[in-house]
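Return a 3D structure for these sequence lines:
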Amino acid sequence: MNLGAALTRAAGHFKSRCAVVCGSQKRTFTEVDENANRFANGLLKLGVRKQDRVAIFCENCVEYIEIDWALYKSGMVRVAINPMLSPAEVAYIIKDSGAKTVVVTPRLAKLVSLAKSQLPEVKHYFCISQSEEGMMEYSRFIATQKAGPPEIEVDEEDLSMLFYTGGTTGVPKGAMHTHESIFQVLMNLQAEFWQLNQSDIFLSGGSLAHANGFRSMTSFLEGAKFIIPEQFVPAEIFQTIEREKVTILSSVPTTLIRLCNYPDINRFNLSSLRLITYGAAPMPTEKLKEALSIFGRRLGQSFGQAESLMAISHLSIEDHVLDGSESEVRKLASAGRPYITNAVRIIDKEGRDVKIGEVGEVIVKSKINMKGYWRNQEATSEALRDGWVYTGDLGTFDEDGYIYLIDRKKDMIISGGYNIYAREVEDILHTHPAIAEAAVIGVPDDEWGESVKAVVALKTGMALSEEGVIQYCKERLASYKKPKSVDFVPELPKTSVGKISKKDLKAPYWANQKRAIH
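Reported below is the predicted structural model:
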C-alpha cells in the first residue's frame, strides 16, 4: 500500500471529524486531504517529479502534516529536517539529499535565506503563513490548485523518505525508506503498541520531523484526534490532558522525567490517560520506577532507530510491573520483546549468536529496515548485510526473549584493557537522590588509555561533591568501573531530538587527539 492512499481512506471514512490540532489551528480529515492534494498537484505543475526530494524545514504546524501527505500522494521523497539543527547542518542535508524544493516556516525562512548562496540547485522555496522574499506563500499557492487526487501512480517499493540520522558520529546519513517500510512500521505500532481507535485523543510532543510525524500518520489510519503542543511545558501538558480528555501521551525520557518532577501534578485530573509512551533514548530504571509510582500502570516503550524505524521491540503496559517478582521487576530495565514481524539476533564479533545473558550487537531483519543510506555505499555495506541491519547497539537477551540494551558500541569505554559500559555506570548514578541527570564518557588517560568521567546535573537545592559521586559508585560497582573524575553542570547538552549529546560532552577532551580512542 502506498502511504498517500491511507489519507484518501481516512478522508472518506472520517470526513468532518477533527484530525489535527496545533495551538489555534485545526483541520478536519477532509481539509487535510484536499490541501495535501492541492500542494501535490501544484508541485507537479511546477515540474517537480515523482521521486524528487522535497526538504521540509519547519516548526510544528498543521500545514506540516498536509505537506507530508502531499509528498506521499505524489510519489516525491520527504526530507524532514529538525528545526533545531544548525545552519551548516541544514545546508548539508539539503545539498546531500539533492532537494530542489524547500518548505520553511517564517522564523526559519531567514536562516535558509542566508544559506541560499550555498544551495544553487534549489529551484523552489515555500514559506508557510506569510510571504518572504524569493519564496512562494504556501496558503496562496495551494488556493489556486486542484483539490482532486494527483494523477500519478505510486508503488509501495518507491522511496517515501530520507530519514537523516542524528550525526552523532560524523555527518548525518539519509536512511532510505520505502512506502512499504513505513507502512510496516505503522502496522507494528498500531497492532502491538498504540492500538488506536476513533475515540482516542493523542497528545504528542516533539518535532514532526522525527518520531512525531509517524505518530500523526497512525492517528490518521484510525480516525483518532492528534494534538501537537506548541511547547512541552509540564503545566500546559497537564492542562491539555484535563481539558481535552487525552487518552495517549507520547514523550521521551527527558520530558517524562520533567513531568514526574512537576510539584503540582496532583491538582490535575489525568484519569482519561490510558497510555503514556516513552522512547528515542534509554530510560533510567530508577526514573521509570518513579514514573510508575506517579502515573500507575499505563506506561509503554518502543525501541527503534533511523535504520529500523521506531519499531524493533516494545515493552508493553503489562510488562511495567513495580510490585512483582524479581524477574518481573527486572524487565523494567529492558527494551521489551521484538515486534511480531521482526527477526532480532544478538551476535558476537564473529557473527555467532551469543548465549542468554552474554553481550553482543543487536541486528534486525524486517520490512521496517531501510534500503540503505542515500548515496553512501560504504556506510550501507557496514550497516546492512544480507538483509540484516547492524544497529550498533550492544545488548543481551534474557530467558524470556526480552532485549536489554547495554550501550552503544561507540560509547563503550576501554580502560586498562577492561570494557566498561557507560550505561551501567549511568544507571547507578541515576539512583542517587541528589542527581537529576547524568552521562558517562571516556576521556584520554596516558596510563589507562581511557578513564571514566561522569558529567552530572544536580536537582534544585541539592549538593554533592566529586568524591561523594565516586564513592557512591565504588560501593555499587566493580572498582575499575567507577568514575575517576566528575564534572558538575547546570544541565546536560541535548541533541535536536532530546537525547543527551555525548558528542558535545566528549569534544573538549578529544579535540587535540589524533583519534577518538586512546
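
pretty sure T255 is touching G205, no?
Yes: if you go by CB atoms under 8 Å, T255 and G205 touch, sitting 6.1 Å apart. In this view, the C-beta of every residue, glycine as well, is placed from N, C-alpha and C.

shared neighbours of these two, anything?
F232 (CB atoms under 8 Å, 6 or more residues apart in numbering).

how deep is G47 tucked in, by neighbour count?
11 (other CB atoms under 10 Å).

Same question for the helix-or-strand element of the chain with minimal mean pLDDT: list its buried residues.
Lowest on mean pLDDT, DSSP states H and E among the helices and strands of the chain sits strand 418-420, with a mean of 79. Within strand 418-420, the residues that count as buried by 16 or more other CB atoms under 10 Å are I420.

and if you look at stretch 19-28?
A19, V20, V21, C22, R27, T28.

Show me the helices in the stretch 201-350 of the chain, by range?
In the stretch 201-350 of the chain, the helices defined using DSSP state H, counting those that start in this stretch lie at 212-222, 234-244, 253-260, 285-295, 326-330.

Please name whichever of these is nearest to S485.
helix 285-295 (23.1 Å; CB to CB).

tell me what the closest one is packed against?
helix 253-260, strand 275-279, strand 299-303 (3 or more CB pairs under 8 Å, 6 or more residues apart in numbering; DSSP states H and E).

who does the last one touch, helix- and strand-wise?
The reference is to strand 299-303. For strand 299-303, the elements it packs on are strand 275-279, helix 285-295, strand 313-315, judged by 3+ CB pairs under 8 Å, 6+ apart.

Name the residues of the longest one that come out as buried.
By neighbour count, with 16+ other CB under 10 Å as the criterion, the buried positions of helix 285-295 are T285, E286, K287, L288, E290, A291, L292, F295.

Ok, stretch 79-98 next?
Quick answer for stretch 79-98 (16+ other CB under 10 Å): 79-83, 85, 89-98.

so who does E244 touch?
Per CB under 8 Å, 6+ apart, neighbours of E244: I201, L203, K225, I227.

swap the cut-off to 6 Å and go again
Each residue near E244 by CB atoms under 6 Å, 6 or more residues apart in numbering is listed here: I201.

Look up the pLDDT of it for me, please.
With respect to pLDDT, E244 scores 97.

From C18, how far out is it?
Here the criterion is CB to CB, to the nearest Å. By it, E244 lies 10 Å from C18.

how is this protein carved up into domains?
Per the record, the chain has its domains at 28-154, 185-408, 412-510, by automatic domain parsing.

Tell me if G461 really is in a helix.
No: residue state for G461 (DSSP: H, G, I helix; E, B strand; the rest coil) corresponds to coil; a helix is not indicated.

tell me what the longest helix anywhere in the chain is packed against?
Across the chain, the longest stretch assigned as helix under DSSP state H is helix 29-46. Counting contacts by 3 or more CB pairs under 6 Å, 6 or more residues apart in numbering; DSSP states H and E, helix 29-46 packs against helix 3-14, helix 62-74, helix 138-143.

and after the least confident helix or strand of the chain, which helix or strand comes next?
Downstream of strand 418-420, the first helix or strand assigned by DSSP states H and E is helix 422-429.

May I see the buried residues of that following helix?
In helix 422-429, counting by 16+ other CB under 10 Å, buried: A422, R423, V425, E426, D427, I428, L429.

give me phi/psi at the nearest residue to the third one once chain neighbours are set aside?
Here the nearest residue to V425 in space, its sequence neighbours aside, is V440; by CB to CB, 6 or more residues apart in numbering that works out to 4.5 Å. Backbone torsions for V440, taken as degrees, to the nearest 10, come to phi -120, psi 130.

about what we covered before: winner for burial among the helices of the stretch 201-350 of the chain?
Here the criterion is mean neighbour count by mean count of other CB atoms under 10 Å, and of those the winner is helix 212-222, at a mean of 22.

Please tell me how far the residue located most distally from the centre of the chain sits from D487.
No residue in the chain sits farther from the centre than E447, which is 38.2 Å out by CA atoms, centre = their mean. Distance, E447 to D487, using CB to CB: 20 Å.

just P229 next, same as before
Look at P229 and D487: by CB to CB, they are 32 Å apart.

and what of N212?
Counting by CB to CB, the gap from N212 to D487 is 32 Å.

Would you map the strands across the stretch 351-500 of the chain?
360-365, 372-373, 384-385, 388-397, 403-408, 413-415, 418-420, 435-445, 449-458, 485-488 (DSSP state E, counting those that start in this stretch).

Compare these and say which comes out lowest on pLDDT.
The bottom spot among the strands of the stretch 351-500 of the chain, by mean pLDDT, belongs to strand 418-420, with a mean of 79.

Parallel or antiparallel, list what pairs with that strand.
With DSSP bridges as the test, strand 418-420 is paired with strand 413-415 (antiparallel).

And the contacts of the partner strand?
I420, G442, W448, E450, S451, V452.

so what's in contact with E244 and C18 at the same time?
Here E244 and C18 share no contacting residue, scored by CB under 6 Å, 6+ apart.

ranking the helices and strands packed on helix 29-46 by burial, who's on top?
Of those, the one with the most neighbours on average (mean count of other CB under 10 Å) turns out to be helix 62-74, with a mean of 26.

For A335, give me its contacts.
Under the criterion of CB under 6 Å, 6+ apart, the neighbours of A335 are F303, S313, I403, L405.

hmm, try it at 10 Å
Shown in contact with A335 (CB atoms under 10 Å, 6 or more residues apart in numbering): 279, 282-283, 301-304, 312-315, 362, 393, 395, 402-405.

Quick check: next helix or strand after the helix or strand hosting A109?
In the assignment (DSSP H and E), A109 maps to helix 106-115. The C-terminal neighbour of helix 106-115 among helices and strands, as given by DSSP H and E, is strand 124-127.

Since that was my last question, I'll sign off now.
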